[in-house]
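[1] Next comes the sequence, and after it the predicted model I'd like to discuss.
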Amino acid sequence: MAIVIIRQDNKIDSWKKALIAKAPDISVYSYLEEHPKEEITLACVWKQPVDALKQYPNLKCVASFGAGVDFIFKDKSVPEHIPITRVVDPVLASDMSEFVLALILSYFKNLNNYKIDQSKKVWQPREYKRISDTTVGIMGMGVLGEKLAEDLVKNRFNVIGWATSPKIIPGIEVYTGDNEKNTFLSRSNILICLLPLTKETTGILNNKLFKELPKQAYVINVARGGHLVDEDLLEYINNGHLAGAGLDVFHEEPLPFEHPFWTHPKIHITPHVASVSDIESVIPQLLENYRRLTEGLPLKYTVNREKGY
Ligand code: NDP
Ligand code: OXD
């Protein structure tokens, strides 16, 4: 039994080193080195090359290095009978919450505009927005959405949420399903997308949805680029209905050089960094699942293949 790490960025060595440091008895390989394919039982993956998983005849589980698993479902070569797990981690949740709070406050207080003004030596006071006048609507009240909601409430925001199933969270009204979606949207001065990318949520941030938001709403997408219809966002910002957007995720990453988001004055883009899996914090759950796999015990943080998250 052994672990293979499959990811196409430059983080394989750091994850491998950290896994071996915590569990020297376990064989851990990079998919790029020579390794015994039939020994691999756990594949830890982040945006793996299509078909990379085909070469492991004894694979028992695919573990995402992140909270999202959409890229795993997209790969039709992932065996249908084996479990898929994802990261559920308090550090990932608090990092996301800090990022979104920073983005909202930077927008409220015009900090990006002042930085641009500074570069041109322009002294130009602007009107600013207040937390007390704002309702934040969070689409997706899962692990990340709920932590964000709690932190926003602690910071005096009025917060509402939207999910598929009802939730009881003190101080937060959570709407559910298509029937309650428009009521939820009509109250959201700031709309934050923290949904998983599934068949149901692909393209959900579109002109039909933007129309339901209050005038001058601000949209933040920190989930996946596939949730957003880019042209619809541009249309609704350019026609003045939306005040702007903060986008951390894109259909294609890195965002193509010629994409209009790069230069739009009302769009704040960041390079998919809202919350990045912390190696030290995440390794214990990967190793615990490996041991559970070895002992035939139920795995933690498995996703539901039917629902796609
Ligand atoms: P969870 O699975 O814990 O939560 C998902 C939430 O979305 C749940 O509340 C679920 O409802 C709700 N939901 C799913 N489908 C629908 C639907 N069709 N209609 C309404 N609500 C729906 O996910 P996490 O909170 O852990 O993560 C969310 C996403 O954030 C990830 O999938 C990933 O794509 C993204 N992410 C982005 C990062 C970044 O750096 N930009 C970092 C980490 C994650 P219910 O509770 O009823 O099931
Ligand atoms: C994740 C991400 O899903 O970083 O964890 O996007």
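    Thanks, I have the structure now. Ligands and ions are numbered 1, 2, ... in the order given.

[2] which residues touch Gly6?
    If you look again at residue 6, you'll see it is Ile, not Gly. Ile6 is in contact with Tyr31, Ala43, Cys44, Val45, Trp46, Gln48, Pro49, Ala52, Leu53, counting by C-beta atoms under 8 Å, 6 or more residues apart in numbering. C-beta: built from backbone N, CA, C; applies to glycine.

[3] no, scratch that, I was asking about Asn110
    Arg126, Tyr128.

[4] gap between it and Lys11?
    Going from Asn110 to Lys11 by C-beta to C-beta, to the nearest Å gives 35 Å.

[5] if we can go back for a sec, going by neighbour count, which of the contacts of Ile6 are buried?
    Tyr31, Ala43, Cys44, Val45, Trp46, Gln48, Ala52, Leu53 (16 or more other C-beta atoms under 10 Å).

[6] would you turn those into JSON lines with distance to ligand 1 and pLDDT?
    Listed next are these as JSON lines, based on distance: C-beta to the nearest ligand atom, whole Å; pLDDT from 0 to 100:
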{"residue": "Tyr31", "distance to ligand 1": "23", "pLDDT": "97"}
{"residue": "Ala43", "distance to ligand 1": "19", "pLDDT": "98"}
{"residue": "Cys44", "distance to ligand 1": "16", "pLDDT": "98"}
{"residue": "Val45", "distance to ligand 1": "15", "pLDDT": "98"}
{"residue": "Trp46", "distance to ligand 1": "11", "pLDDT": "98"}
{"residue": "Gln48", "distance to ligand 1": "16", "pLDDT": "96"}
{"residue": "Ala52", "distance to ligand 1": "20", "pLDDT": "94"}
{"residue": "Leu53", "distance to ligand 1": "20", "pLDDT": "95"}
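
[7] Doesn't Gly244 belong to a helix?
    No. The assignment for Gly244, made by DSSP: H, G, I helix; E, B strand; the rest coil, is strand rather than a helix.

[8] residues touching it, list them.
    Tyr107, Tyr218, Val219, Ile237, Lys266, Ile267, His268.

[9] For those, name the two members farthest from one another.
    Farthest pair in the contacts of Gly244 (C-beta to C-beta) is Tyr107 and Ile237. Separation: 13.0 Å.

[10] those helices in the chain, which residues are they?
    Applying DSSP state H to the chain gives helices spanning 12-22, 70-74, 90-108, 111-119, 143-154, 177-186, 207-212, 230-238, 279-295.

[11] so Ile220 bridges to which residues?
    Beta-bridge pairing for Ile220 (DSSP bridges): Ile192, Gly246.

[12] burial of the residue in the chain positioned nearest to ligand 1, as a residue count?
    Ligand 1 sits closest to Gly142 of the chain, with a gap of 1.7 Å, by C-beta to the nearest ligand atom. Gly142 has 19 neighbouring residues, counting by other C-beta atoms under 10 Å.

[13] What residues does it make contact with?
    Ala163, Leu194, Pro196, Tyr309.
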